[in-house]
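Chemist: here's my sequence, what's the structure:
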Amino acid sequence: MREPLYAQIARELAQGIASGKFPEGSLLSSEFDLCNQYQASRQTVRAALRELMDLGLVSRRKGVGTRVEARTKAQGYDHSLGSLDDLVQLAMTNPRVVKRTNEVVADRELAKAIGCAPGSRWLHIASIRQDSDKSAPPVCWTDTYVNTAYSDLSQLVRQDPTPLISELIEKHYGRRSAEVHQTISAVTISPLLAEELQVEPGSPALRIVRRYIDRVGETIETTISVHPAERYTFSMVLKRSSIGQDANLTT
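Modeler: Numbers count the residues shown, from 1 in each chain. Below you'll find the model as predicted:
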């Protein structure tokens, strides 16, 4: 699969930082200069710089520029997701490794978790998301549940390990996700997942359930991911809907 241009730019800048070409405390080239250098749009350059920020390599300040903060990436993962596109970009940096695929019948517990009727059948895809540094432990374990009509996904997810499964469904089956409903809760890691994630059984973790919804409100896919606590930080920005009105927050 061809490497996206934003990922290429991020990789080359990260290599320059690691080699000392761009020392700590120095400023990278401006967005305008990077656009000219790589023949890229400003949106593409900004995506590359966000990638470096997520790795803890640079910081950005309006009126100052992009400052090099470290030669190597920070430990763990600090993900700031404001849109489905952000989730797509996040997946690009962490390839999927499929552990198994099979059909399952949803019992009451699973039905409650993924929002379906007990007794319904689903194609189950169990996988990990691997760090770009393959010597590092996995980012997370994910159980994905999709309609059994999408049986070809068993092979597609192995052939194309980077995109979200929702992207593969759109590409091969024409169903597009309009929004993602996400629920985050604190859990402990089971002995089975502890071995896969290379942590101690009973370690704290974040459990993230994501339901991918189409334009008519139907669920296309549900994922249940378990992230060891020290490897994942979720951040978001809350804004008032308008000046002078209180924000309505639901937890």
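
Chemist: show me what counts as buried in the biggest helix by length in the chain.
Modeler: Longest helix in the chain, counting residues (DSSP state H): helix 5-19. Neighbour counts over helix 5-19 (16 or more other Cβ atoms under 10 Å) mark Leu5, Tyr6, Ala7, Ile9, Ala10, Arg11, Leu13, Ala14, Ile17 as buried. Backbone N, C-alpha and C define where each C-beta goes, glycine included.

Chemist: and what of stretch 148-161?
Modeler: Tyr150, Leu153, Ser154, Leu156, Val157, Asp160, Pro161.

Chemist: quick one: mean pLDDT for stretch 104-115?
Modeler: Averaging pLDDT along stretch 104-115 yields 90.

Chemist: what separates that stretch from the chain centre, distance-wise?
Modeler: Stretch 104-115 sits 24 Å away from the centroid of its parent chain (Cα atoms, centre = their mean, to the nearest Å).

Chemist: show me the contact partners of that stretch.
Modeler: Stretch 104-115 is contacted from outside by 116-122, 124, 145, 209, 211, 219, 222, 224, using Cβ atoms under 8 Å, 6 or more residues apart in numbering.

Chemist: go on, stretch 123-130?
Modeler: Residues external to stretch 123-130 that are found in contact with it (Cβ under 8 Å, 6+ apart): 91, 94-104, 138-148, 150-151, 153-154, 157, 165, 196-197, 225.

Chemist: now, of these, which are buried?
Modeler: 91, 94-96, 101, 138-147, 150, 153-154, 157, 165, 196-197, 225.

Chemist: from those residues, which land in strands?
Modeler: Using DSSP state E, Arg96, Thr101, Cys140, Trp141, Thr142, Asp143, Thr144, Tyr145, Val146, Ser225 are the members of the buried ones among the contacts of stretch 123-130 that sit in strands.

Chemist: show me what contacts the third one?
Modeler: With contacts defined as Cβ under 8 Å, 6+ apart, the neighbours of Cys140 are Ile128, Arg129, Leu197, Ser225, Val226, His227, Pro228, Arg231, Tyr232.

Chemist: need phi/psi at the last one.
Modeler: So the one you mean is Tyr232. phi -150, psi 130 (degrees, to the nearest 10).

Chemist: so it makes contact with Val139?
Modeler: Yes: using Cβ atoms under 8 Å, Tyr232 is in contact with Val139, at 7.3 Å.

Chemist: in the stretch 151-251 of the chain, where is pLDDT below threshold?
Modeler: 216, 234-237, 239-251 (pLDDT under 70).

Chemist: no further questions, thank you.
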